[in-house]
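J.: have a look; sequence and predicted model below, questions after that.
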Amino acid sequence: MEILDRIEFNSVSLESVLEDLRGRSPVIHDGHLRYAEHAVRMYRERFAGEELMPVRPYWVVQHEEDKLWELYAWWRRYESDDGSVREYRRLRHGKIKGSSPGELGIAAYVAVHGRPAAWPDPWSDRFPMLRSAQQRVRRVRIVEIGLADGRVSIEFDGSLEDAENYYRQHGHPHVAKVVSAGGLSTGASCFECKQMTGCPALPRVPGILGLPSRPAPLRKVSVSDLRYYKDCPAQAHLRALHLPKESEYSDSAKLGQAVHQWIESLHRRKGHPPCIAGDMPPSEQNWTEGRWHVPDELAEIGLRMLHHHVDACPFLAESLIEYVDTEARRAFHDTAAQVVVVAKPDLLYLDDGSWVWRELKTTQKESWFHDDLLEEFPQLALGVVALARGALGGDPSGSRVEVEVLRPEGSDLHTIDPFEPDRLEKALTVLRHYAAPWREDETFEARPSRKCQWCPVSKWCASYTPQDS
């Protein structure tokens, strides 16, 4: 966005902007710049010859009663010379995904009624409104572009009346839903939230990563990020930037995702009945589909795994399950390391007042690389420390980490007590092993190896050399 701003508003060439960015301190990662150059070229090529002019101020609708309400979209803004046509362009790092009707309704309404405003500084302040002539908007267009391949989708194109009707039908209900969403929740978005420092929902857990206290800029990380970092710092960094990925999953990994998805859908059922054999896909047919479609022989292996889940389903036992959160999203603020730690357990459930952190693993292997499950799956280590430190609340007496392992031949259920001193110390050691080098790293240089050929972001890495070259 910064590169496009300088090109469109300051008439600076792409080459000059890139040269300037390469000389910045701290240095912008080379892989990031390689992608940025590709994305900007795609964007400019696709919209070459457009007559609309770029608009620097944001379009904002402000309404104040007992509270201040602000509607805006951060997408790029363009308008005709006479101001009668306004256009939003939503940029996607990868391919086009489409926006929800609620998002489109808000954007269309803001394009019609929004007044020019500067970005607030600090972010917690209201948008400063700028002096402007009376609005003359008669037509609104919203487009989306995938910067990986340059494809464009027209999401909305209509008159002022069309935009207002679309907002009434889709945008306003979306706003009402957001405003009345109820309790606070945590997740990856905590990192950029205006209210993070004072939010009562975000647990403060100093030392959850096993690191000593240090003054440092706030960062965000997940256990998956740390695992990628161990393979290659550059891969972890480029993934964290959400750059387009290619061939991210092998067929075996896709099968694991398909099994997870099937079981997750069963665990979402009202009342949470135990999974039974009749809930599983019919035999002798490929039950995988879409993104997680795999060859027939792997689908058959996955079916066998699903049937073995019946014997390990967490809802099978007669327990006092009060609350279930499938594919739960949680975040913890490690105030010692200055990191927002993001987690996504496969299942969180409250059993007789105690939290259970459960992970599901699928494998066709007979043994693991490590003898200890905490070393094999560091996300289990995070669960152990989170429960031991009371980050989720609840009654600690029954808190536990569970890992269900599904193989074609059977299932195993392992339970870890987070209050066992040796297990807690092992969990902290594992997390420290992964997190310490990542927290100290400032450059995220590539670590070339044979794994480069399977790296999904190798396209943006200057250190990558294709095997056949």
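T.: Good, I have the coordinates. Residues are numbered from 1 along each chain as shown.
J.: grab the nearest non-local neighbour of Glu246.
T.: Closest residue to Glu246 apart from its sequence neighbours, by CB to CB, 6 or more residues apart in numbering: Pro456 at 5.6 Å. The C-beta positions use only the backbone N, C-alpha and C, and glycine is treated the same way.
J.: and the one you found, how many neighbours?
T.: 16 (other CB atoms under 10 Å).
J.: and it, how far from Lys344?
T.: Pro456 sits at a distance of 19 Å from Lys344 (criterion: CB to CB, to the nearest Å).
J.: then His433?
T.: From His433 to Lys344 the distance is 21 Å (CB to CB).
J.: coming back round to it: wait, isn't the residue nearest to Glu246 in contact with His242?
T.: No - applying CB atoms under 8 Å, one finds Pro456 not in contact with His242, separated by 11.8 Å.
J.: residues in contact with Cys313?
T.: Applying CB atoms under 8 Å, 6 or more residues apart in numbering, we find Cys313 in contact with 274-275.
J.: wasn't it part of a strand?
T.: No - read with DSSP: H, G, I helix; E, B strand; the rest coil, Cys313 is coil and lies in no strand.
J.: and it, what pLDDT?
T.: With respect to pLDDT, Cys313 scores 94.
J.: need phi/psi at it.
T.: phi -60, psi 130 (degrees, to the nearest 10).
J.: just the CA coordinates of stretch 309-325, formatted as CSV?
T.: Output of stretch 309-325 as CSV, limited to C-alpha atoms (Å, rounded to 0.1, in the frame of the first residue of the first chain):
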residue,chain,number,x,y,z
HIS,A,309,-12.3,-42.0,16.4
VAL,A,310,-15.6,-43.5,17.7
ASP,A,311,-13.6,-45.3,20.4
ALA,A,312,-11.8,-42.0,21.5
CYS,A,313,-14.6,-39.4,21.1
PRO,A,314,-14.5,-37.0,24.0
PHE,A,315,-18.3,-37.0,24.3
LEU,A,316,-18.4,-40.8,24.7
ALA,A,317,-17.9,-40.9,28.4
GLU,A,318,-20.6,-39.8,30.8
SER,A,319,-19.1,-36.5,31.9
LEU,A,320,-20.4,-33.1,32.9
ILE,A,321,-19.5,-31.2,29.8
GLU,A,322,-20.8,-27.7,30.1
TYR,A,323,-19.2,-25.9,27.2
VAL,A,324,-17.6,-26.9,23.9
ASP,A,325,-15.5,-24.8,21.6
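J.: return the distance of it from the chain's centre.
T.: Relative to its chain's centre, stretch 309-325 lies at 28 Å (CA atoms, centre = their mean, to the nearest Å).
J.: same question for that stretch: list its buried residues.
T.: Within stretch 309-325, the residues scored as buried using 16 or more other CB atoms under 10 Å are 309-310, 312-315, 324-325.
J.: which one of these is nearest Leu147?
T.: Proximity of these to Leu147 (CB to CB) peaks at Asp325, which lies at 33.8 Å.
J.: show me the contacts for the closest one.
T.: Applying CB under 8 Å, 6+ apart to Asp325 gives the contacts 347-349.
J.: neighbour count for those residues - can I get that in CSV?
T.: As requested, the contacts of Asp325 are arranged in CSV below (neighbours: other CB atoms under 10 Å):
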residue, neighbour count
Leu347, 21
Leu348, 21
Tyr349, 23
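J.: where along the stretch 1-150 of the chain do the strands fall?
T.: If DSSP state E, counting those that start in this stretch is used as the criterion, the strands of the stretch 1-150 of the chain fall at 53-55, 58-64, 68-72, 76-79, 85-92, 115-117, 139-146.
J.: in terms of secondary structure, what does the next helix or strand after the last one contact?
T.: Spelled out, that is strand 139-146. Per DSSP states H and E, the first helix or strand lying C-terminal to strand 139-146 is strand 152-159. Other elements packing on strand 152-159 under the criterion 3 or more CB pairs under 8 Å, 6 or more residues apart in numbering; DSSP states H and E are helix 101-113, strand 139-146, helix 160-166.
J.: any chance of these in TSV, plus distance to Asp422?
T.: Below are the helices and strands packed on strand 152-159 laid out as TSV (distance: least, CB to CB, whole Å):
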stretch	distance to Asp422
helix 101-113	49
strand 139-146	50
helix 160-166	60
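J.: name the spans of the stretch 151-300 of the chain whose pLDDT lies under the cut-off.
T.: 181-183 (pLDDT under 70).
J.: quick one: the strands in it, in order.
T.: Under DSSP E, counting those that start in this stretch, the stretch 151-300 of the chain gives strands at 152-159, 219-222.
J.: how about the closest residue to Cys193 other than its chain neighbours, what does it touch?
T.: Excluding the flanking residues, the one nearest Cys193 by CB to CB, 6+ apart is Cys199, at 6.9 Å. With CB under 8 Å, 6+ apart as the criterion, the residues that contact Cys199 are 184, 190, 193.
J.: isn't the second one up against Val341?
T.: No - under the criterion of CB under 8 Å, Cys190 makes no contact with Val341, lying 9.9 Å away.
J.: of those two, which one has the most company?
T.: Val341 (28 against 23).
J.: show me where the stretch 1-150 of the chain dips below the pLDDT cut-off.
T.: Using pLDDT under 70, the flagged stretches of the stretch 1-150 of the chain are 25-26.
J.: what about 50?
T.: The model of the stretch 1-150 of the chain has no residue with pLDDT under 50.
J.: one step back: ok, the buried residues of stretch 309-325 vs Val401, which is closest?
T.: Pro314 (12.4 Å).
J.: now do the strands in the stretch 301-450 of the chain.
T.: Under DSSP E, counting those that start in this stretch, the stretch 301-450 of the chain gives strands at 321-326, 330-334, 339-343, 347-351, 354-362, 400-407, 410-416.
J.: closest one to Arg46 among those?
T.: Comparing these under CB to CB, the one sitting nearest is strand 339-343, at 33.2 Å.
J.: which secondary structure elements does the closest one contact?
T.: strand 219-222, strand 330-334, helix 378-388.
J.: sheet partners, orientation included, of it?
T.: Sheet pairing of strand 339-343 (DSSP bridges) gives strand 219-222 (parallel), strand 330-334 (antiparallel).
J.: so what sits against both of Cys190 and Val341?
T.: In contact with both Cys190 and Val341: 331, 333, using CB under 8 Å, 6+ apart.
J.: in the chain, spot the helix with the most residues.
T.: helix 421-440 (DSSP state H).
J.: which other residues reach it?
T.: Contacts for helix 421-440 (CB under 8 Å, 6+ apart): 207-211, 214, 216, 219, 221, 223, 225-227, 229-230, 233, 236, 337, 339, 372, 374-375, 378, 380-382, 384-385, 388, 416-418.
J.: what's the neighbour count on Ala436?
T.: Ala436 has 15 neighbouring residues, counting by other CB under 10 Å.
J.: measure it to Glu376 for me?
T.: Distance from Ala436 to Glu376, by CB to CB: 19 Å.
J.: again, but for Ala73
T.: 44 Å.
J.: do Gly302 as well
T.: Separation of Gly302 from Glu376 (CB to CB): 21 Å.
J.: and Val152, by the same measure?
T.: 44 Å.
J.: so what's the residue most central in space within the chain closest to, chain neighbours aside?
T.: The centroid of the chain falls nearest to Ala188 when counting by CA atoms, centre = their mean (6.4 Å). Leaving aside its sequence neighbours, Ala188 sits nearest to Val342 (CB to CB, 6+ apart; 4.9 Å).
J.: I appreciate the help and will end here.
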